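Novice: Next one to model:
(one chain, ligands or ions: 2)
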Amino acid sequence: MLSPASQETIRATLPAVGAAIGDITKLFYSKMFADHPELERDLFNRGNQKQGDQQRALAGAIAAFATLQLDPDKERQHAILSRIANKHASLGIEPDQYWVVHKYLFAAIVEVLGDAVTPEVAQAWDEVYWLMANTLIAMEAGLYEAAGVEVGKVWREVRVAERIHQSTDTVSFVLTSTDGSDLPTFVPGQYLSVGVNLPDGARQIRQYSLSSAPAHGDWRITVKRIAERNLEDGTIPAGEVSNFLYNNVFENDILSVSTPFGDLTLADDDAPLLLVSAGIGCTPMIGMLNHLAEREDGRQVSVVHADRSPSYHAHRLELTELIGRLPSAAMHRWYEDLGVRNPEADLKAGRADLDGLDIAPGTRAYLCGPLPFMLGMREALLAKDIPAENIHYEVFGPDSWAGAPSPA
Ligand SMILES: Cc1cc2nc3c(=O)[nH]c(=O)nc-3n(C[C@H](O)[C@H](O)[C@H](O)COP(=O)(O)OP(=O)(O)OC[C@H]3O[C@@H](n4cnc5c(N)ncnc54)[C@H](O)[C@@H]3O)c2cc1C
Ligand code: HEM
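Specialist: Residues are numbered from 1 along each chain as shown. Ligands and ions are numbered 1, 2, ... in the order given. Down below sits the predicted model:
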C-alpha cells in the first residue's frame, strides 16, 4: 500500500508519467543494454526489443500498476503480476537484478521528465517501483519454491528423445532427462523457456508451451519456425530461435531448458471447456486435451481451431484422435484455405467465428493465438454472456494486453 503522501504525488504526476512512459522504457532499455550488453545478448529477447513489444509490455505494466495503487483492484493486479512473475521465473530472474533495473529506469525517468522530477516525485515513484518489485520478488520466490528449485536456478539440460515433423513449418521435440530420471511434472497449459547458443555468440531464450500430458516424466514442445517475409516495404527477418531449433536440433541433442512455469493453466475443476486457438496457439490446448483424455474426463469440451490450411495445422491428426477419446468433446476446425477437400461437419472454410456454437453455462474459455484473433474471440464470448473472469488467454510474446487500460 502506498503512503498517503505518495498517493497524492502519484495521482498528480500519473498523466505526465503515463504520457511519457513509452519514451521512458525505450530509453531505459538502451541505457541498461549500453552498460550491460550481456543482458541484451543472453537474457532479453532481442526480437522483441527490435519490434518494441517488450518496451510496450513494461510501460503498460508500470502504468497499470501505478493506476491500481490509486484505484485498487486486487484481482487485476494479481493477474498482471502473476503473468510477469511466471515469465521472470522461467528465465531465472533473481532479486538482486531488480537493483539493476531500478538504476536505469530511474535514470531514464529523470532524463525524460527533467525538472518535473522533484525529490518528492522521485520518492513517490521509487515507492511504486519497490512495491511492484517486492511483490514480484515474493511471487517469484513462491514459484521457485513450488517448483522445488533454488531462487533463479531453473535451468537444466535435457535430451531430445524424438523429433517429430508435425506440419508445414512445425516440429515437436520430446525431451527426457539426461540421467533417465523423470522430469518434473507441470500443469497443463504451462511452458518452458529454451535457451540456445546462436552462431553470433548470443544465448537467446524463448518460451514454448508443453504440448504433452504431464504424467509421463518427459516433456514435449512444438516449435513453429518463422520464415523470412518479403513485404512491399521491406524484408522481415526470419525468427532466430525457432529456425535454429527447426534447422539444427535432432534426436539425442542436448537442449538447455527451464523448469515449467506459466499461469494459463487448466483450472482444477470440472467446468465445461472451450479451447479456442489459431495456428501454433494450439500447443497449450493440445497439452490440456492430452491430460483430459488420459483422465477420460467426461465434461463437455469444445475445441475451435483456426489455421491457414490442413497442411499448416500442427497436431491435426492428434487433435482428431484426442477428441475421439473424450466422451463429450466436439471440434470445429476453420481453414482459410480448405483446398479441394469436401467440407465435413466440423470443417469449414474461412475465418473462425463462434456464431453457431452452443456454449454451456459456466464454461471456461481458453484462448491462444495472435492478439487480434483473441480480441475478436473474446468479444464474441462476452456477447454470448461468458463472464470475463471465465476467459483466459496466453500471448505468445510479451503480454501488452494485460497492462492495457481496459483489459480487452
Ligand atoms: C508463453 C509462451 C508460449 C509460447 N509457446 C510457443 C509454442 O508452443 N510454439 C511456438 O512455436 N512458439 C511459442 N511461443 C513463441 C516463441 O516463444 C517465440 O516467440 C517464437 O518461436 C519466435 O521466436 P524466434 O526467435 O524464432 O523469433 P524472433 O527472432 O524472436 O522474432 C520474432 C518475430 O519478430 C520478427 N522480427 C525479427 N526482427 C525484426 C525486425 N527487425 N523488424 C520486424 N520484425 C522483426 C520475426 O520475423 C518474428 O516474426 C510462445 C511464447 C510465449 C511467450
Ligand atoms: C519492477 C520491475 C519489473 C517489471 C515491472 C517488469 C516487467 C516485465 C514485463 C511486463 C514483462 C513482459 C511479461 C510478459 O511476457 O508478458 C517482463 C519480461 C521480462 N523481464 Fe521484467 N520486469 C521487472 C524486472 C525485471 C528484472 C529485474 C529483470 C532482470 C534483469 C527482468 C527481465 C525480464 C526479461 C528478460 C523478460 C522477458 C523479455 C522478453 O521476452 O522480451 N525484469 N518484465
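Novice: helices or strands next to the longest helix along the chain in the packing?
Specialist: The helix spanning the most residues in the chain, taking DSSP state H as the definition, is helix 4-35. If contacts are counted by 3 or more C-beta pairs under 8 Å, 6 or more residues apart in numbering; DSSP states H and E, helix 4-35 sits against helix 37-42, helix 53-70, helix 97-113, helix 119-147. The C-beta positions use only the backbone N, C-alpha and C, and glycine is treated the same way.
Novice: Go again with 6 Å.
Specialist: helix 53-70, helix 97-113, helix 119-147 (3 or more C-beta pairs under 6 Å, 6 or more residues apart in numbering; DSSP states H and E).
Novice: so for the last one, what's the average pLDDT?
Specialist: This predicted structure assigns helix 119-147 an average pLDDT of 97.
Novice: So which bits of that helix are buried?
Specialist: Residues 121, 124-125, 127-129, 131-133, 135-137, 139-140, 143-144, 147 are the ones in helix 119-147 that count as buried (16 or more other C-beta atoms under 10 Å).
Novice: what does the first one give?
Specialist: Neighbour counts using 16+ other C-beta under 10 Å place 53-69 of helix 53-70 among the buried residues.
Novice: List the contacts of residue 365.
Specialist: For residue 365, the contact set (C-beta atoms under 6 Å, 6 or more residues apart in numbering) comprises 274, 381, 386, 391.
Novice: what is the last one paired to in the beta sheet?
Specialist: According to DSSP bridges, the partner residues bridging residue 391 are residue 365.
Novice: Any idea how many residues pack against it?
Specialist: Using other C-beta atoms under 10 Å, residue 391 has 19 neighbouring residues.
Novice: ditto for the second one
Specialist: Residue 381 has 22 neighbouring residues, counting by other C-beta under 10 Å.
Novice: cool, and the first one?
Specialist: The number of residues packed around residue 274, counting by other C-beta under 10 Å, is 25.
Novice: now swap in the third one and tell me
Specialist: Counted with other C-beta under 10 Å, the burial measure for residue 386 works out to 20 neighbours.
Novice: helix, strand or coil for it?
Specialist: When classified by DSSP: H, G, I helix; E, B strand; the rest coil, residue 386 comes out as coil.
Novice: Equivalent analysis for the first one, please.
Specialist: Here residue 274 takes the strand state, with states given by three-state DSSP.
Novice: List the contacts of it.
Specialist: Residue 274 touches 302, 363, 365, counting by C-beta under 6 Å, 6+ apart.
Novice: Closest residue of the stretch 251-400 of the chain to ligand 2?
Specialist: residue 399 (3.1 Å; C-beta to the nearest ligand atom).
Novice: hmm, back to that, and which of the contacts of residue 365 is nearest residue 338?
Specialist: Nearest to residue 338 among the contacts of residue 365 is residue 274, at 22.8 Å by C-beta to C-beta.
Novice: in the sheet, who's paired with the closest one?
Specialist: Residues in beta-bridge contact with residue 274 (DSSP bridges): residue 302, residue 365.
Novice: What of the one 4 residues further on?
Specialist: With DSSP bridges applied, the residues forming beta bridges to residue 278 are residue 306.
Novice: and it, how many residues sit next to it?
Specialist: Residue 278 has 23 nearby residues by other C-beta under 10 Å.
Novice: Sketch out the low-pLDDT regions of the stretch 251-400 of the chain for me.
Specialist: Along the stretch 251-400 of the chain, the model assigns pLDDT under 70 to residues 341-343, 345.
Novice: In it, mark out all the helices, start to finish.
Specialist: Counting by DSSP state H, counting those that start in this stretch, residue ranges of the helices within the stretch 251-400 of the chain are 282-294, 316-325, 371-383.
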